[in-house]
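> model this:
(chains A, B, C and D)
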Protein chains: 2
Amino acid sequence: MSDLLERLRGRGWRMTAQRRVVAEVLDGEHVHLTADEVHSRAVAKLPEISRATVYNTLGELVSLGEVLEVATDKRAKRYDPNAHRPHHHLVCAQCGAIRDVHPNGNPLADLPSSERFGFTVSDVEVTYRGICPNCAAAA
Amino acid sequence: MSDLLERLRGRGWRMTAQRRVVAEVLDGEHVHLTADEVHSRAVAKLPEISRATVYNTLGELVSLGEVLEVATDKRAKRYDPNAHRPHHHLVCAQCGAIRDVHPNGNPLADLPSSERFGFTVSDVEVTYRGICPNCAAAA
DNA sequence: ATCCTACAATGGACAATGTCTAAGTCAAAT
DNA sequence: ATTTGACTTAGACATTGTCCATTGTAGGAT
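Residues are numbered from 1 along each chain as shown, chains lettered A, B, ... in the order given. From the prediction side, this is the model:
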(Lines give C-alpha, C1' and ligand atoms only; values in the text may rest on other atoms or scores of the structure.)
Protein backbone atom coordinates (compact mmCIF):
# COMPACT_ATOMS: atom_id res chain seq x y z
CA MET A 1 0.00 0.00 0.00
CA SER A 2 1.57 3.04 1.39
CA ASP A 3 5.29 3.30 0.94
CA LEU A 4 5.02 6.75 2.38
CA LEU A 5 3.38 5.60 5.61
CA GLU A 6 5.92 2.82 5.98
CA ARG A 7 8.83 5.20 5.66
CA LEU A 8 7.31 7.69 8.08
CA ARG A 9 6.71 5.06 10.72
CA GLY A 10 10.24 3.85 10.23
CA ARG A 11 11.54 7.31 10.93
CA GLY A 12 9.76 7.46 14.26
CA TRP A 13 7.25 10.02 13.11
CA ARG A 14 4.52 10.32 15.68
CA MET A 15 1.43 8.86 14.05
CA THR A 16 -1.99 10.40 14.49
CA ALA A 17 -5.24 9.91 12.63
CA GLN A 18 -4.80 13.26 10.91
CA ARG A 19 -1.26 12.60 9.77
CA ARG A 20 -2.15 9.16 8.52
CA VAL A 21 -4.99 10.56 6.46
CA VAL A 22 -2.80 13.22 4.90
CA ALA A 23 -0.14 10.66 4.05
CA GLU A 24 -2.76 8.37 2.54
CA VAL A 25 -4.14 11.14 0.37
CA LEU A 26 -0.70 11.94 -0.95
CA ASP A 27 0.44 8.42 -1.65
CA GLY A 28 0.87 7.38 -5.26
CA GLU A 29 2.36 8.25 -8.64
CA HIS A 30 1.60 11.37 -10.64
CA VAL A 31 0.02 12.91 -7.58
CA HIS A 32 0.34 16.69 -7.46
CA LEU A 33 -2.35 18.14 -5.23
CA THR A 34 -2.68 21.65 -3.87
CA ALA A 35 -2.91 22.11 -0.12
CA ASP A 36 -6.59 22.77 -0.52
CA GLU A 37 -7.18 19.60 -2.52
CA VAL A 38 -5.33 17.63 0.12
CA HIS A 39 -7.56 19.18 2.72
CA SER A 40 -10.76 18.34 0.82
CA ARG A 41 -9.79 14.73 0.39
CA ALA A 42 -8.63 14.47 3.97
CA VAL A 43 -11.94 15.86 5.19
CA ALA A 44 -13.74 13.17 3.20
CA LYS A 45 -11.95 10.56 5.29
CA LEU A 46 -11.81 12.41 8.57
CA PRO A 47 -14.37 15.21 8.74
CA GLU A 48 -12.99 16.99 11.77
CA ILE A 49 -9.49 17.56 10.41
CA SER A 50 -8.59 21.23 10.31
CA ARG A 51 -6.95 23.27 7.59
CA ALA A 52 -4.07 24.27 9.87
CA THR A 53 -3.23 20.65 10.51
CA VAL A 54 -3.08 19.91 6.81
CA TYR A 55 -0.72 22.85 6.27
CA ASN A 56 1.39 21.85 9.26
CA THR A 57 1.61 18.25 8.14
CA LEU A 58 2.49 19.14 4.57
CA GLY A 59 5.19 21.45 5.88
CA GLU A 60 6.64 18.67 7.99
CA LEU A 61 6.59 16.17 5.16
CA VAL A 62 8.50 18.67 3.05
CA SER A 63 11.04 19.23 5.82
CA LEU A 64 11.50 15.51 6.17
CA GLY A 65 12.18 15.32 2.47
CA GLU A 66 9.34 12.89 1.91
CA VAL A 67 7.32 15.28 -0.23
CA LEU A 68 8.36 18.00 -2.66
CA GLU A 69 6.77 21.38 -3.24
CA VAL A 70 6.37 22.14 -6.90
CA ALA A 71 5.48 25.55 -8.28
CA THR A 72 4.23 24.62 -11.73
CA ASP A 73 0.98 26.36 -11.16
CA LYS A 74 1.23 30.09 -10.60
CA ARG A 75 -1.53 29.98 -8.03
CA ALA A 76 -0.99 27.52 -5.25
CA LYS A 77 1.88 25.24 -4.27
CA ARG A 78 1.45 21.61 -5.19
CA TYR A 79 2.76 18.63 -3.25
CA ASP A 80 4.51 15.73 -4.91
CA PRO A 81 5.04 12.60 -2.80
CA ASN A 82 7.35 10.98 -5.33
CA ALA A 83 10.40 12.57 -3.69
CA HIS A 84 12.51 9.45 -3.35
CA ARG A 85 13.00 9.16 -7.09
CA PRO A 86 14.28 12.28 -8.88
CA HIS A 87 12.05 13.43 -11.69
CA HIS A 88 10.81 16.50 -13.47
CA HIS A 89 7.41 17.73 -14.62
CA LEU A 90 5.42 18.11 -17.80
CA VAL A 91 2.53 20.55 -17.45
CA CYS A 92 -0.41 21.26 -19.74
CA ALA A 93 -0.52 25.01 -20.30
CA GLN A 94 -4.25 24.81 -20.82
CA CYS A 95 -5.75 22.56 -18.17
CA GLY A 96 -2.85 22.30 -15.73
CA ALA A 97 -2.52 18.51 -15.85
CA ILE A 98 0.85 17.33 -14.58
CA ARG A 99 2.90 14.22 -15.38
CA ASP A 100 6.18 13.11 -13.89
CA VAL A 101 8.87 12.72 -16.54
CA HIS A 102 12.47 11.52 -16.69
CA PRO A 103 14.53 13.40 -19.29
CA ASN A 104 17.87 12.16 -20.58
CA GLY A 105 21.11 13.71 -19.49
CA ASN A 106 21.92 15.70 -16.40
CA PRO A 107 20.92 19.35 -16.53
CA LEU A 108 23.17 20.11 -13.58
CA ALA A 109 26.20 19.33 -15.71
CA ASP A 110 24.96 21.76 -18.35
CA LEU A 111 25.52 24.81 -16.20
CA PRO A 112 29.13 25.89 -16.76
CA SER A 113 30.98 27.37 -13.81
CA SER A 114 31.14 30.69 -15.63
CA GLU A 115 27.35 30.77 -15.27
CA ARG A 116 27.25 29.90 -11.60
CA PHE A 117 28.09 33.33 -10.17
CA GLY A 118 29.84 31.74 -7.21
CA PHE A 119 26.75 29.80 -6.15
CA THR A 120 27.07 26.28 -4.76
CA VAL A 121 24.51 24.66 -7.03
CA SER A 122 22.88 21.61 -5.53
CA ASP A 123 19.65 21.02 -7.33
CA VAL A 124 17.79 21.56 -10.57
CA GLU A 125 14.13 21.52 -11.42
CA VAL A 126 12.92 21.25 -15.00
CA THR A 127 9.38 22.08 -16.06
CA TYR A 128 8.26 21.24 -19.57
CA ARG A 129 5.15 23.00 -20.86
CA GLY A 130 2.84 22.06 -23.67
CA ILE A 131 -0.65 20.96 -24.57
CA CYS A 132 -1.97 17.62 -23.40
CA PRO A 133 -3.79 15.23 -25.77
CA ASN A 134 -7.16 16.02 -24.22
CA CYS A 135 -6.88 19.76 -24.67
CA ALA A 136 -5.46 19.33 -28.17
CA ALA A 137 -8.48 17.22 -29.10
CA ALA A 138 -10.90 19.75 -27.63
CA ALA A 139 -9.42 22.59 -29.71
CA MET B 1 17.72 53.46 -22.14
CA SER B 2 14.60 51.51 -22.16
CA ASP B 3 14.48 48.76 -24.75
CA LEU B 4 11.21 47.71 -23.23
CA LEU B 5 9.53 51.10 -23.71
CA GLU B 6 10.84 51.33 -27.27
CA ARG B 7 9.38 47.98 -28.18
CA LEU B 8 6.05 48.76 -26.57
CA ARG B 9 5.72 52.06 -28.41
CA GLY B 10 6.64 50.30 -31.63
CA ARG B 11 3.83 47.85 -31.07
CA GLY B 12 1.28 50.64 -30.81
CA TRP B 13 0.72 50.12 -27.12
CA ARG B 14 -1.25 53.01 -25.75
CA MET B 15 1.13 54.90 -23.50
CA THR B 16 0.04 56.37 -20.20
CA ALA B 17 2.01 57.71 -17.27
CA GLN B 18 1.16 54.58 -15.27
CA ARG B 19 2.23 52.16 -17.96
CA ARG B 20 5.43 54.03 -18.59
CA VAL B 21 6.32 53.92 -14.91
CA VAL B 22 5.67 50.17 -14.70
CA ALA B 23 7.79 49.55 -17.78
CA GLU B 24 10.59 51.70 -16.38
CA VAL B 25 10.58 49.82 -13.11
CA LEU B 26 10.86 46.51 -14.92
CA ASP B 27 13.54 47.47 -17.39
CA GLY B 28 16.96 45.89 -17.00
CA GLU B 29 18.92 42.68 -16.51
CA HIS B 30 18.54 40.29 -13.61
CA VAL B 31 15.30 42.01 -12.66
CA HIS B 32 12.81 39.70 -10.96
CA LEU B 33 10.35 41.71 -8.93
CA THR B 34 7.11 40.59 -7.35
CA ALA B 35 3.94 42.46 -8.26
CA ASP B 36 4.06 44.13 -4.90
CA GLU B 37 7.64 45.28 -5.37
CA VAL B 38 6.75 46.66 -8.77
CA HIS B 39 3.89 48.51 -7.14
CA SER B 40 6.09 49.98 -4.41
CA ARG B 41 8.65 51.25 -6.87
CA ALA B 42 5.98 52.58 -9.17
CA VAL B 43 4.39 54.47 -6.29
CA ALA B 44 7.74 56.08 -5.58
CA LYS B 45 7.68 57.59 -9.04
CA LEU B 46 3.95 58.20 -9.37
CA PRO B 47 2.24 58.21 -5.99
CA GLU B 48 -1.32 57.96 -7.23
CA ILE B 49 -0.88 54.74 -9.20
CA SER B 50 -3.17 51.98 -7.96
CA ARG B 51 -2.51 48.37 -7.23
CA ALA B 52 -5.09 47.20 -9.76
CA THR B 53 -3.35 49.11 -12.51
CA VAL B 54 -0.04 47.51 -11.71
CA TYR B 55 -1.62 44.06 -11.85
CA ASN B 56 -3.44 44.89 -15.08
CA THR B 57 -0.32 46.26 -16.70
CA LEU B 58 1.81 43.31 -15.65
CA GLY B 59 -0.83 40.99 -17.04
CA GLU B 60 -0.80 42.80 -20.36
CA LEU B 61 2.97 42.78 -20.60
CA VAL B 62 2.88 39.04 -20.06
CA SER B 63 0.21 38.62 -22.74
CA LEU B 64 2.28 40.67 -25.15
CA GLY B 65 5.20 38.36 -24.45
CA GLU B 66 7.39 41.23 -23.28
CA VAL B 67 7.64 39.98 -19.72
CA LEU B 68 7.73 36.48 -18.25
CA GLU B 69 6.16 35.22 -15.08
CA VAL B 70 8.52 33.08 -13.07
CA ALA B 71 7.53 30.94 -10.12
CA THR B 72 10.88 30.42 -8.43
CA ASP B 73 9.56 31.72 -5.18
CA LYS B 74 6.75 29.71 -3.68
CA ARG B 75 5.00 32.84 -2.50
CA ALA B 76 4.34 35.43 -5.17
CA LYS B 77 4.84 35.47 -8.91
CA ARG B 78 7.87 37.36 -10.14
CA TYR B 79 8.16 39.28 -13.36
CA ASP B 80 11.18 39.00 -15.64
CA PRO B 81 11.47 41.59 -18.41
CA ASN B 82 14.30 39.75 -20.15
CA ALA B 83 11.81 37.81 -22.29
CA HIS B 84 13.39 38.50 -25.67
CA ARG B 85 16.41 36.36 -24.89
CA PRO B 86 15.70 32.83 -23.64
CA HIS B 87 17.32 32.06 -20.34
CA HIS B 88 16.85 30.12 -17.14
CA HIS B 89 17.23 30.91 -13.47
CA LEU B 90 19.59 30.28 -10.61
CA VAL B 91 18.00 30.84 -7.21
CA CYS B 92 19.53 31.05 -3.76
CA ALA B 93 17.63 28.64 -1.53
CA GLN B 94 18.45 30.80 1.46
CA CYS B 95 17.89 34.45 0.55
CA GLY B 96 15.96 34.07 -2.69
CA ALA B 97 18.39 36.00 -4.88
CA ILE B 98 17.90 35.25 -8.57
CA ARG B 99 20.32 35.35 -11.51
CA ASP B 100 19.63 34.75 -15.17
CA VAL B 101 21.74 31.91 -16.54
CA HIS B 102 22.37 30.30 -19.90
CA PRO B 103 23.06 26.55 -19.64
CA ASN B 104 24.60 24.54 -22.44
CA GLY B 105 22.54 22.18 -24.53
CA ASN B 106 18.84 22.14 -25.22
CA PRO B 107 16.75 20.55 -22.50
CA LEU B 108 13.80 20.23 -24.86
CA ALA B 109 15.73 17.69 -26.90
CA ASP B 110 16.39 15.68 -23.74
CA LEU B 111 12.77 14.67 -23.32
CA PRO B 112 12.28 11.50 -25.35
CA SER B 113 8.92 11.03 -27.04
CA SER B 114 8.26 8.04 -24.79
CA GLU B 115 8.20 10.53 -21.93
CA ARG B 116 5.89 13.02 -23.59
CA PHE B 117 2.58 11.28 -22.94
CA GLY B 118 1.13 12.62 -26.17
CA PHE B 119 1.74 16.23 -25.17
CA THR B 120 2.83 18.81 -27.73
CA VAL B 121 5.77 20.16 -25.79
CA SER B 122 6.62 23.75 -26.64
CA ASP B 123 8.61 25.16 -23.81
CA VAL B 124 10.93 24.30 -20.97
CA GLU B 125 11.87 26.18 -17.85
CA VAL B 126 14.91 25.24 -15.79
CA THR B 127 15.48 26.42 -12.23
CA TYR B 128 18.80 25.75 -10.57
CA ARG B 129 18.94 26.00 -6.80
CA GLY B 130 21.88 26.50 -4.51
CA ILE B 131 23.51 28.85 -2.03
CA CYS B 132 24.79 32.22 -3.15
CA PRO B 133 28.25 33.50 -2.16
CA ASN B 134 26.79 35.96 0.35
CA CYS B 135 24.79 33.36 2.23
CA ALA B 136 27.68 30.89 2.10
CA ALA B 137 29.94 33.51 3.69
CA ALA B 138 27.40 34.31 6.40
CA ALA B 139 27.17 30.64 7.42
C1' DA C 1 -6.15 73.93 -30.71
C1' DT C 2 -10.24 71.56 -29.36
C1' DC C 3 -13.39 67.83 -29.04
C1' DC C 4 -14.70 62.79 -28.84
C1' DT C 5 -14.59 58.33 -27.69
C1' DA C 6 -12.67 54.08 -26.79
C1' DC C 7 -9.57 52.51 -23.75
C1' DA C 8 -7.17 52.95 -19.26
C1' DA C 9 -6.99 53.94 -14.24
C1' DT C 10 -9.05 54.12 -9.77
C1' DG C 11 -10.24 52.30 -5.21
C1' DG C 12 -12.42 49.40 -2.58
C1' DA C 13 -14.78 45.10 -1.97
C1' DC C 14 -14.01 40.42 -2.58
C1' DA C 15 -11.60 35.86 -3.23
C1' DA C 16 -7.96 32.57 -2.66
C1' DT C 17 -4.10 30.97 -0.27
C1' DG C 18 -1.33 30.66 3.66
C1' DT C 19 0.09 31.69 8.80
C1' DC C 20 -0.46 32.20 13.68
C1' DT C 21 -2.15 31.60 18.44
C1' DA C 22 -4.28 30.04 22.65
C1' DA C 23 -6.56 26.36 24.47
C1' DG C 24 -7.92 21.61 24.29
C1' DT C 25 -6.54 16.63 23.12
C1' DC C 26 -3.93 12.60 22.57
C1' DA C 27 0.16 9.10 21.56
C1' DA C 28 3.49 6.92 23.71
C1' DA C 29 6.78 6.35 27.47
C1' DT C 30 6.88 5.08 32.25
C1' DA D 1 -3.19 4.38 34.63
C1' DT D 2 -0.66 8.56 34.64
C1' DT D 3 1.97 11.97 32.79
C1' DT D 4 3.90 14.98 29.45
C1' DG D 5 5.15 17.19 25.53
C1' DA D 6 3.82 17.16 21.04
C1' DC D 7 -0.32 17.46 18.08
C1' DT D 8 -4.82 19.48 16.70
C1' DT D 9 -8.34 22.81 16.54
C1' DA D 10 -11.07 27.00 15.17
C1' DG D 11 -10.92 31.10 13.69
C1' DA D 12 -8.66 35.55 13.33
C1' DC D 13 -5.26 37.51 10.60
C1' DA D 14 -1.91 38.31 6.65
C1' DT D 15 -0.66 38.24 1.94
C1' DT D 16 -1.48 37.99 -2.83
C1' DG D 17 -4.47 38.48 -6.54
C1' DT D 18 -9.14 39.67 -9.00
C1' DC D 19 -13.30 42.23 -10.14
C1' DC D 20 -16.26 46.02 -11.17
C1' DA D 21 -18.58 50.47 -11.52
C1' DT D 22 -16.99 54.92 -11.92
C1' DT D 23 -13.92 58.47 -13.41
C1' DG D 24 -10.13 60.05 -16.24
C1' DT D 25 -7.40 60.56 -20.42
C1' DA D 26 -4.46 59.53 -24.90
C1' DG D 27 -4.57 60.17 -29.34
C1' DG D 28 -7.12 60.53 -33.57
C1' DA D 29 -10.57 63.46 -35.97
C1' DT D 30 -12.06 68.06 -37.03
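
> what about the helices in chain A?
Per DSSP state H, chain A has helices spanning A:3-10, A:17-26, A:35-45, A:51-63, A:133-138. These are given in chain order.

> In CSV: these, plus distance to A:C92.
C-betas here are computed from N, CA, C, even on glycine. Listed next are those as CSV, based on distance: least, C-beta to C-beta, whole Å:
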stretch, distance to A:C92
helix A:3-10, 26
helix A:17-26, 21
helix A:35-45, 17
helix A:51-63, 24
helix A:133-138, 6
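
> Can you tell me which of those is nearest to B:H84?
B:H84 sits nearest to helix A:133-138 of all these, at 27.6 Å, using C-beta to C-beta.

> and the closest one, how far out from the chain's middle?
Taking the mean of its C-alpha atoms, helix A:133-138 sits 25 Å from the chain's own mean (C-alpha atoms, centre = their mean, to the nearest Å).

> go on, stretch A:101-119?
Relative to its chain's centre, stretch A:101-119 lies at 22 Å (C-alpha atoms, centre = their mean).

> One more: stretch A:94-106?
12 Å.

> what is the rounded mean pLDDT of it?
Taken as a whole, stretch A:94-106 has an average pLDDT of 90.

> Tell me which of the helices of chain A sits nearest to B:D100.
helix A:51-63 (27.0 Å).

> which residues are contacting that closest one?
Residues from elsewhere that reach helix A:51-63 (C-beta atoms under 8 Å, 6 or more residues apart in numbering or on different chains): A:18-19, A:22-23, A:26, A:35, A:38-39, A:42, A:67-69, A:79, A:81.

> List the residues that contact the nearest residue to A:L108 once chain neighbours are set aside.
Nearest non-adjacent residue to A:L108, counting by C-beta to C-beta, 6 or more residues apart in numbering or on different chains: A:V124, 5.1 Å away. Each residue near A:V124 by C-beta under 8 Å, 6+ apart is listed here: A:107-108, A:111, B:126-129.

> Quick check: bridge partners of A:V124?
B:Y128 (DSSP bridges).

> Roughly how far does it sit from B:P103?
According to C-beta to C-beta, to the nearest Å, A:V124 stands 9 Å off from B:P103.

> Overlap in contacts, the two.
Taking C-beta under 8 Å, 6+ apart as the criterion, A:V124 and B:P103 both touch A:107, A:111, B:126.

> Buried among those residues? Make that a ChimeraX selection.
Applying 16 or more other C-beta atoms under 10 Å in any protein chain shown to those, the buried members can be selected in ChimeraX as follows:
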select /A:107,111 /B:126
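
> Which single one of the shared contacts of A:V124 and B:P103 is nearest to DNA strand C?
For those, the residue nearest DNA strand C by C-beta to the nearest atom of the strand is B:V126; the value is 22.2 Å.

> At the geometric centre of chain A, which residue sits there?
A:D80 (1.5 Å; C-alpha atoms, centre = their mean).

> returning to that earlier point: of the helices of chain A, which is nearest B:H30?
Comparing the helices of chain A under C-beta to C-beta, the one sitting nearest is helix A:51-63, at 28.2 Å.

> Give me the distance from that closest one to the chain's centre.
With C-alpha atoms, centre = their mean, you get 13 Å for helix A:51-63.

> For burial, what's the neighbour tally of A:G28?
By other C-beta atoms under 10 Å in any protein chain shown, the residues close to A:G28 number 12.

> pLDDT score assigned to it?
pLDDT recorded at A:G28 is 83.

> Excluding chain neighbours, give the residue nearest to it in space.
A:G28's closest residue in space is A:P81 (C-beta to C-beta, 6+ apart), at 6.9 Å.

> How many residues are close by that neighbour?
When neighbours are defined as other C-beta under 10 Å, A:P81 has 21 of them.

> check contacts around it.
Under the criterion of C-beta under 8 Å, 6+ apart, the contact list for A:P81 reads A:4, A:26-28, A:31, A:61, A:66-67.
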